[in-house]
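Student: here is a sequence with its predicted model. Questions after.
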Amino acid sequence: MGIVWRAHDELLDRTVAVKEVNLPHLREIDRDELRQRTMREALAAARLSHPNAVTVHDVVEEDGQPWIVMQLVAADSLADVLRDKGPLPPQRVAEIGLALLRAWRPRMRPASCTATLSPPTCCSAIAAGWC
């Protein structure tokens with residue numbers, strides 16, 4: 001639910017990914033709730049420390065617009081891999097699922113598990129077997 005930009009963190013002199021979270025045209029009360037949920041999810045993700053999870057460096061809100069600053073992973077998404085190579089063998093699918101589960105296990109408590117996983121949000125580093 002947003003656009004991810006490649007950016008440069010001038011303070012820390014490193015390349016990062018910055019997610020511009022789309023807040024659709026909603027009533028103000030709904031936009032506020034979506035903005036608060038986005039901030040909670042980013043903060044929960046920032047608490048994760050796992051090789052299969054992207055590191056969240058910062059969460060910024062400017063003019064009511066949330067931006068999530070995170071580790072840049074130089075890899076295609078799992079959706080890109082599936083589009084380019086087609087279905088993966090069942091064994092590899094199981095390996096990817098287990099790698100994602102290991103990264104998300106700390107978030108599996110009902111109060112903190114609000115985000116979703118989908119092929120566009122999964123890095124091909126997992127699909128390629130690097131994690």
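Tutor: Arrived safely.
Student: quick check: next helix or strand after the helix of greatest length in the chain?
Tutor: Longest helix in the chain by number of residues (criterion: DSSP state H): helix 28-46. Note on helix 28-46: by DSSP states H and E, the next helix or strand toward the C-terminus is strand 56-62.
Student: now do the helices in this protein.
Tutor: 28-46, 78-85, 90-104, 124-127.
Student: residues of the first one that come out buried?
Tutor: Okay, so that is helix 28-46. Leu34, Arg35, Thr38, Glu41, Ala42, Ala44, Ala45 (16 or more other Cβ atoms under 10 Å). All C-beta atoms are positioned from the backbone trio N, CA, C, and that covers glycine.
Student: correct me, but His8 touches Arg14?
Tutor: Yes. Counting by Cβ atoms under 8 Å, His8 does reach Arg14; the two are 7.5 Å apart.
Student: any weak-confidence spans in this structure?
Tutor: Applying pLDDT under 70 to the chain flags residues 1, 104-131.
Student: quick one on the thing from earlier: a markdown table for the helices of the chain, including distance to Gly2?
Tutor: Output for the helices of the chain, formatted as a markdown table (distance: least, Cβ to Cβ, whole Å):
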| stretch | distance to Gly2 |
| --- | --- |
| helix 28-46 | 9 |
| helix 78-85 | 15 |
| helix 90-104 | 19 |
| helix 124-127 | 19 |
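Student: isn't Ala7 right up against Ala17?
Tutor: Yes. Counting by Cβ under 8 Å, Ala7 does reach Ala17; the two are 7.2 Å apart.
Student: neighbour-wise, which of the two wins?
Tutor: Between Ala7 and Ala17, counted using other Cβ atoms under 10 Å, the more crowded position is Ala17 (18 against 14).
Student: contact partners for the more buried one?
Tutor: Contact analysis of Ala17 by Cβ atoms under 8 Å, 6 or more residues apart in numbering lists Val4, Trp5, Arg6, Ala7, Val54, Val69, Met70, Gln71, Leu72, Val73.
Student: 6 Å instead?
Tutor: Contacts for Ala17 (Cβ atoms under 6 Å, 6 or more residues apart in numbering) come out as Val4, Met70, Leu72.
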